[in-house]
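Student: what would the 3D arrangement of this be:
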Amino acid sequence: MNTRIRSFVVPVVGVLFTVIYLLDVEYVSSMRGLDLSWHVMLGYAYENKLQHGTQIIFNYGPLSFIESAVYFERTHSEKMAYRATYLLILGLGVFTVFQIRSPLRLLAWCGLTVLLLLLRDVYLLLPALLLCHQECRRQPGNITQLALSVLLAFGAAFACLVKSNAVFFSVPAIVLASLYRFSIRDYRPVVPFCFVLSVFLLFWLSGQEVSNFFEFLDGYIDVSRAYNEDMGLPAPLVLHIAFFIGAAIVATTLRFHNRLSMVLGVLTLGYLLVAYKMGFIRHGEHPEAAFLALAFISTVQLWSPGGNFRDGNHRRLVAAVAFAAASFVASSALLASLLPHGDAFKGYASVLQHRIRYVLDSKFRGGSSVEAQRRYNVALTQARAAIPFDATEAPIDIFPFEFSLAYASEMPIATRPAFQSYFATSRHMTERNERFLYSRQAPRSVIFGVSPIDGRYAALEDPLALGAYRRLYQVERHSSDAILLKRRAAPLAQSQICRNSQLRFNQLLAIPSVDPDQAVWSEVTVVQSWLGQLLSMLIGHPVVHMTVATSESSRDYRYLREAGQVGFLLSPALASTEAATHFFNGTSRPEDGVRSFSIHQPSGPLPWFDETISVKLCVLSWGAGE
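Tutor: Below is the predicted model:
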């Protein structure tokens with residue numbers, strides 16, 4: 001192929017492939033369960049212009065509705081427009097910054113793009129990565145290159161408002177790029193200014209009040225911090241080793257002999273750190289996102305002029321890392337049956353065929369919309385049938401996480417800002433949920449269940465909201481797996497008698513016996529050592545366990561450190577819906593009373609925490625309110 005023709009055709013084909021293949025997401029025929037319930041919330045929040053930071057606190061931002069796997073007909077065209085814009089910027093950035101002109105590199109990019117269909121978190125990091133590379137090579141006075149940098153800054157701002165993990169990479173990357181421009185005496189902060197301006201513009205365009213931005217940012221970062229500490233299950237050790245070997249091989253391409261190589265080296269190491277935490281800390285048993293990010297950064301090093309290779313074997317070794325990481329992701333997707341399915345989704349090739357027809361054939365596009373709407377209706381019908389109680393008083397909320405049931409009820413909704421209990425484990429979130437429940441916007445009815453995740457002690461999830469329910473609501477009806485709570489005319493009066501004590505790891509602490517209408521509230525302070533704080537920033541927090549003993553049994557649970565420090569209901573143990581019903585009725589059973597508990601140091605030689613644990617135990621009593 002003629003070089004001039006190839007230099008035009010390859011980028012055009014690559015950009016079109018990126019936009020068309022990733023233009024839409026697969027829509028499912030269900031909205032039940034933990035994950036699909038928050039997918040419903042993404043669309044619901046955008047349609048109803050809920051204010052992030054006050055009405056909703058989550059690690060997905062105002063533009064996250066573009067990632068929802070639940071079809072919302074009213075905003076679908078906006079979703080397509082936003083996605084097309086972002087993907088166009090991404091495609092242009094990749095093929096311009098790295099000057100991709102060969103068919104082989106085009107195939108490599110398309111192969112990686114195929115995997116982004118399943119793990120879209122990774123593509124939110126790419127605009128900032130491209131921007132930093134672009135800024136490090138932009139020539140002073142080159143308007144075309146500056147325009148591309150501004151476009152990529154807009155793309156990075158867009159990604160930051162989709163999901164918070166993009167913030168933790170994009171902001172440092174832009175700071176790095178800006179410091180480099182200053183170091184070469186380019187003192188015009190065009191790119192950081194355009195990034196900040198784009199963030200506020202997109203925030204406003206998504207229906208948010210600009211005056212609310214910093215409250216949104218506060219909650220956005222807090223959710224991510226809580227996720228990093230409390231979410232995920234440990235991945236197999238062999239996968240940790242494989243990732244670190246791949247990352248170490250990529251790191252051998254870095255040189256720190258001048259300002260340019262130092263900036264790109266720090267950028268690459270930061271990207272690997274974010275990728276590791278994004279995959280292993282948040283997803284644990286399914287760290288495919290980390291390996292896909294590793295495949296991308298390996299490929300970037302191969303294509304970037306900043307990649308330093310000793311010889312051809314060194315280059316082939318890095319290429320092998322990219323291939324192995326991508327192959328692991330592809331094989332994991334096949335084994336886990338993650339590939340899109342259905343008539344139009346039978347493998348990657350069928351997805352591409354579907355996307356092309358969707359773009360070019362208006363009749364097919366209409367049929368796809370009808371099919372997506374059909375799936376939505378099926379999902380809505382199934383969720384509505386799963387609502388355990390009828391004739392509830394509106395507005396309603398669902399605890400702990402099945403927001404989709406409230407949505408399917410078609411009744412007015414008054415959901416907690418941190419709307420799923422499993423991530424409301426920080427002081428910031430559970431205090432705002434408690435404040436909401438005491439406000440006039442609180443729900444009249446709450447469908448309550450006991451469904452802790454990852455082996456946690458149930459009362460550690462959104463602990464202050466649980467305490468507020470005891471004072472503000474009473475049991476109206478209950479079934480084997482759900483309780484209908486109705487708001488009281490006036491809150492119950494609450495009194496407490498407290499004592500402070502200290503214990504060490506693995507030491508049993510006796511818990512006082514209380515009457516059936518009383519409870520034991522606990523505030524447990526486990527302090528991280530300086531080494532633990534450093535290691536937590538780099539490789540994530542260790543899993544801490546607690547043992548709770550009742551008269552019937554002794555069980556181990558995952559302990560959540562910040563939730564424990566905020567305070568939680570220790571006794572009675574809400575191990576079942578029946579136990580929760582008795583607690584709310586003030587008739588707790590002796591067998592649910594906790595006799596003792598202990599906190600266990602993480603296994604291994606590292607001193608993650610101080611040895612002394614401070615404990616405050618309070619016996620709570622409730623009486624008729626005024």
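Student: what's the weakest-modelled helix or strand in this protein?
Tutor: helix 348-360 (a mean of 75; mean pLDDT, DSSP states H and E).
Student: so for that helix, what gets flagged as buried?
Tutor: Residues Tyr348, Ser350, Val351, Leu352, His354, Arg355, Tyr358, Val359 are the ones in helix 348-360 that count as buried (16 or more other C-beta atoms under 10 Å). For the C-beta atoms, the positions are set from N, CA and C on the backbone; glycine is no exception.
Student: let me know the closest of those residues to Cys618.
Tutor: Taking C-beta to C-beta as the measure, Cys618 lies nearest Val351 of the buried residues of helix 348-360, at 56.0 Å.
Student: wait, that closest one touches Leu118, no?
Tutor: No. Using C-beta atoms under 8 Å, Val351 is not in contact with Leu118; the gap is 10.4 Å.
Student: can you tell me which helices and strands the least confident helix or strand of the chain packs against?
Tutor: Identification of packing neighbours for helix 348-360 by 3 or more C-beta pairs under 8 Å, 6 or more residues apart in numbering; DSSP states H and E yields helix 3-21, helix 362-385.
Student: right, so of the ones you listed, which gets closest to Gly307?
Tutor: Gly307 lies closest to helix 3-21 among these, at 19.9 Å (C-beta to C-beta).
Student: buried residues, that closest one. List them.
Tutor: Residues of helix 3-21 classed as buried by neighbour count (16+ other C-beta under 10 Å): Val10, Pro11, Gly14, Val15, Phe17, Thr18, Val19, Ile20, Tyr21.
Student: and the nearest residue to the second one once chain neighbours are set aside, which helix or strand is it part of?
Tutor: By the measure of C-beta to C-beta, 6 or more residues apart in numbering, the closest residue to Pro11 outside its immediate chain neighbours is Phe95, 4.0 Å from it. Phe95 belongs to helix 76-97 when assigned by DSSP states H and E.
Student: heading C-terminal from that helix, find the next helix or strand.
Tutor: helix 103-116.
Student: check the offset of that next one from the chain's centre.
Tutor: Relative to the centre of its chain, helix 103-116 is centred 26 Å away, using C-alpha atoms, centre = their mean, to the nearest Å.
Student: where in the stretch 451-600 of the chain is pLDDT low?
Tutor: Judged against pLDDT under 70, the stretch 451-600 of the chain has no low-scoring part.
Student: hang on, the earlier thing: closest to Ala580 among the buried residues of helix 348-360?
Tutor: Val351 (44.0 Å).
Student: hmm, Val13 and the residue nearest to Pro11 touching each other?
Tutor: No. At 9.4 Å, Phe95 does not count as touching Val13 under the criterion of C-beta under 8 Å.
Student: intersection of neighbour lists for the two?
Tutor: Here Phe95 and Val13 share no contacting residue, scored by C-beta atoms under 8 Å, 6 or more residues apart in numbering.
Student: leaving out sequence neighbours, find the closest residue to Asn455.
Tutor: That one is not Asn; residue 455 is Gly. Residue nearest to Gly455 in three dimensions, not counting chain neighbours: Arg558, with 4.8 Å by C-beta to C-beta, 6+ apart.
Student: surely that neighbour forms part of a strand?
Tutor: Yes. The assignment for Arg558 by DSSP: H, G, I helix; E, B strand; the rest coil puts it in a strand.
Student: report the beta-bridge partner residues of it.
Tutor: Arg456, His545 (DSSP bridges).
Student: my guess is it meets Thr547, correct?
Tutor: No. Checked against C-beta under 8 Å, the pair Arg558 and Thr547 is beyond contact range at 11.4 Å.
Student: circling back to that earlier point, now the buried residues of helix 3-21 as CSV including pLDDT and distance to Leu233?
Tutor: Below are the buried residues of helix 3-21 laid out as CSV (pLDDT from 0 to 100; distance: C-beta to C-beta, whole Å):
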residue, pLDDT, distance to Leu233
Val10, 91, 42
Pro11, 91, 42
Gly14, 93, 37
Val15, 94, 38
Phe17, 92, 35
Thr18, 93, 33
Val19, 93, 36
Ile20, 90, 36
Tyr21, 89, 31
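Student: can you get me a residue count around Ser551?
Tutor: 12 (other C-beta atoms under 10 Å).
Student: how far does stretch 380-390 sit from the chain's center?
Tutor: Stretch 380-390 has its C-alpha centroid displaced from the chain centroid by 27 Å (C-alpha atoms, centre = their mean).
Student: any idea how far the residue nearest the centre of the chain lies from Gln420?
Tutor: What sits nearest the mean C-alpha location of the chain, by C-alpha atoms, centre = their mean, is Asn59, with 5.0 Å. Remark: distance between Asn59 and Gln420 (C-beta to C-beta, to the nearest Å) = 11 Å.
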